[in-house]
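Undergrad: can you look at this prediction? I've put the sequence above it.
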Amino acid sequence: LFILRKLDSKTMVLLAAAICTKNGKPLVSRQFVEMSRSRIEGLLAAFPKLIGTGKQHTFVETESVRYVYQPLEKMFMVLITTKASNILEDLETLRLFSRVIPEYCSALEESEVAKNAFELIFAFDEIVALGYRENVNLAQIRTFTEMDSHEEKMFNAVRQSQMEEAKSVMKKKAKELSQARKEAQRSGRSRGHAGC
């Protein structure tokens, strides 16, 4: 199992992508391989301590991973890769990730990132699958994430017809109850007249 896991980590390229604050707080994080929440939070918390201030580098390495990053005003776009990954491909992937963010967020603010978190994650999923970059561009990502799902349309149509049917049944029952009340009132009056 250990050997298999070690081989697996060598072949996987991109472990995670995250948008985090300058102090390492993750705003959006997407793992592309099996990784615990505490592990990704630890990696992202360690990231700000690893980068030096004023350096022009766009990556930093530790014993186990490589961080490829780009500053975005008050945030960082961070890719966490294996050390065996191709740095040039990682930088190209980082540029695509960085270009996706303004497509979904009107401003590079924490609140905007939080508000559009799911759209960003869906876009991230179009860029990377199982740790490998897909051959897509920004226009394709936008198209793929906006596509309507046939299954979703079918589900919504069935749900709508079920709701309309339930309303119809409810109106029918209400009418029946109303008629039953009127009958009860009539029969109550007729008994009242008979007793006089």
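TA: That came through, no problem.

Undergrad: quickly find the element holding the spatially most central residue of the chain.
TA: Nearest to the geometric centre of the chain sits Phe118, at 3.1 Å (C-alpha atoms, centre = their mean). Element membership for Phe118 (DSSP states H and E) is helix 117-127.

Undergrad: next one: that helix to chain centre, how far?
TA: Remark: helix 117-127 is offset 6 Å from the chain centroid, using C-alpha atoms, centre = their mean, to the nearest Å.

Undergrad: which other residues reach that helix?
TA: Residues from elsewhere that reach helix 117-127, judged by C-beta atoms under 8 Å, 6 or more residues apart in numbering: 17, 19, 27-28, 30, 93, 96-97, 100-101, 103-105, 113, 133-134, 136, 140-141, 144-145. C-betas here are computed from N, CA, C, even on glycine.

Undergrad: buried stuff in it?
TA: Ala117, Glu119, Leu120, Phe122, Ala123, Phe124, Asp125, Glu126, Ile127 (16 or more other C-beta atoms under 10 Å).

Undergrad: which strands border whichever helix or strand comes after it, and is each parallel or antiparallel?
TA: Remark: after helix 117-127, the chain's next helix or strand is strand 128-129, criterion DSSP H and E. Sheet pairing of strand 128-129 (DSSP bridges) gives strand 132-133 (antiparallel).

Undergrad: which residues does the strand it pairs with contact?
TA: Applying C-beta under 8 Å, 6+ apart, the contact partners of strand 132-133 are Met12, Val13, Leu14, Glu89, Glu92, Thr93, Leu96, Ile127.

Undergrad: out of the buried residues of helix 117-127, who's nearest Phe59?
TA: Ile127 (17.9 Å; C-beta to C-beta).

Undergrad: before we move on, the earlier item: which of the contacts of strand 132-133 fall in strands?
TA: Using DSSP state E, the subset of the contacts of strand 132-133 located in strands is Leu14.

Undergrad: for Lys10, report the pLDDT, please.
TA: We have a pLDDT of 43 for Lys10.

Undergrad: buried subset of the contacts of helix 117-127 as a ChimeraX selection?
TA: Remark: buried members of these, expressed as a ChimeraX selection using 16+ other C-beta under 10 Å:
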select :17,19,27,28,30,93,96,97,100,101,104,105,113,133,136,141,145
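
Undergrad: so of the contacts of helix 117-127, which ones are in strands?
TA: Ala17, Ile19, Leu27, Val28, Arg30, Arg133.

Undergrad: determine which two of the residues you listed are furthest apart.
TA: Leu27 and Arg133 (22.0 Å).
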